[in-house]
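Colleague: coords below, sequence missing:
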């Protein structure tokens, strides 16, 4: 089992990506966690931070995309024929849906790492002494998150856990090596078998971490799941079409198959002769199966 903690900033960044593509990092990480292929551990202070700020996050994302839309359409602002593709209501619904999914991850699919007075006191000391993750700025809450996670992992004894963040300034050695943990944090991390992973940015956003996770979780491939899901949806569509097709035509008429051949010849014509029209009437009156066959196929060829 792989154990992982996503910092608040990672969840926030994941909210922004790939609204129109089901194959995205947010969907993938949620799939793994919801199906117990990956165990998510969340410090309770992260949940508190998330709940305090999620509405602000939602509004910021909507504003961000509105601004992007305005920038994209600015060269065409005098062209009334070009309509905006931005839909604030739909975007807001999409963001709300993503936020609700993360809410559910926190509440129903995560192990919680609580903090106590001892942790708060230790975090305060590290903060006053500007010890990492306080060496760049005041990071009391990040310190509480880290100490909560370390204490929880020590009690569980997990062989390996991952902590991933976008906030390299608080956790990495320096700005030039964002993927390496600060030396003063290595003791805390190693004591809990905790591994630091910088989540990345720009074209490297999430790439390193997800490549590693996909190798570990190859038996639970999200891409394979999406393919199987698509195939099932196609099968369901075909089944629906099949259910809508007329029931098989049966007839007790010994000459049924031979007479059907005559009907096919007539149906293939644009204008049947008077005799052929009489033949159709005769067969339709002879047995329900001919009537059903005729009206099922009347539009397939030329006869209308």
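Modeller: Cool, got the structure. Because the structure is a prediction, the values reported are computed rather than measured.

Colleague: only C-alpha atoms for contact and neighbour calcs from this point on.
Modeller: Noted.

Colleague: now the helices for the stretch 1-150 of the chain?
Modeller: 8-15, 25-34, 44-73, 88-108, 117-128, 140-156 (DSSP state H, counting those that start in this stretch).

Colleague: okay, those helices in a markdown table with distance to residue 239 next?
Modeller: Converted to a markdown table, the helices of the stretch 1-150 of the chain look like this (distance: least, C-alpha to C-alpha, whole Å):
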| stretch | distance to residue 239 |
| --- | --- |
| helix 8-15 | 36 |
| helix 25-34 | 27 |
| helix 44-73 | 39 |
| helix 88-108 | 30 |
| helix 117-128 | 58 |
| helix 140-156 | 49 |
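
Colleague: May I see those helices arranged in TSV, with mean pLDDT and distance to residue 215 as well?
Modeller: Shown next, in TSV, are the helices of the stretch 1-150 of the chain (pLDDT from 0 to 100; distance: least, C-alpha to C-alpha, whole Å):
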stretch	mean pLDDT	distance to residue 215
helix 8-15	94	21
helix 25-34	97	13
helix 44-73	87	28
helix 88-108	91	23
helix 117-128	97	35
helix 140-156	97	24
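
Colleague: Nearest approach to residue 268 belongs to which of the ones you listed?
Modeller: Among those, helix 88-108 comes nearest to residue 268, with 49.7 Å by C-alpha to C-alpha.

Colleague: about what we covered before: of the helices of the stretch 1-150 of the chain, which approaches residue 233 most closely?
Modeller: Short answer: helix 25-34, nearest of the helices of the stretch 1-150 of the chain by C-alpha to C-alpha, at 18.2 Å.

Colleague: other SSEs contacting the closest one?
Modeller: Judged by 3 or more C-alpha pairs under 8 Å, 6 or more residues apart in numbering; DSSP states H and E, the packing partners of helix 25-34 are helix 8-15, strand 38-43, helix 88-108, helix 222-244.

Colleague: which parts of the third one are buried?
Modeller: Judged by neighbour count (16 or more other C-alpha atoms under 10 Å), helix 88-108 contains these buried residues: 91-92, 94-96, 98-99, 101-103, 105-106.
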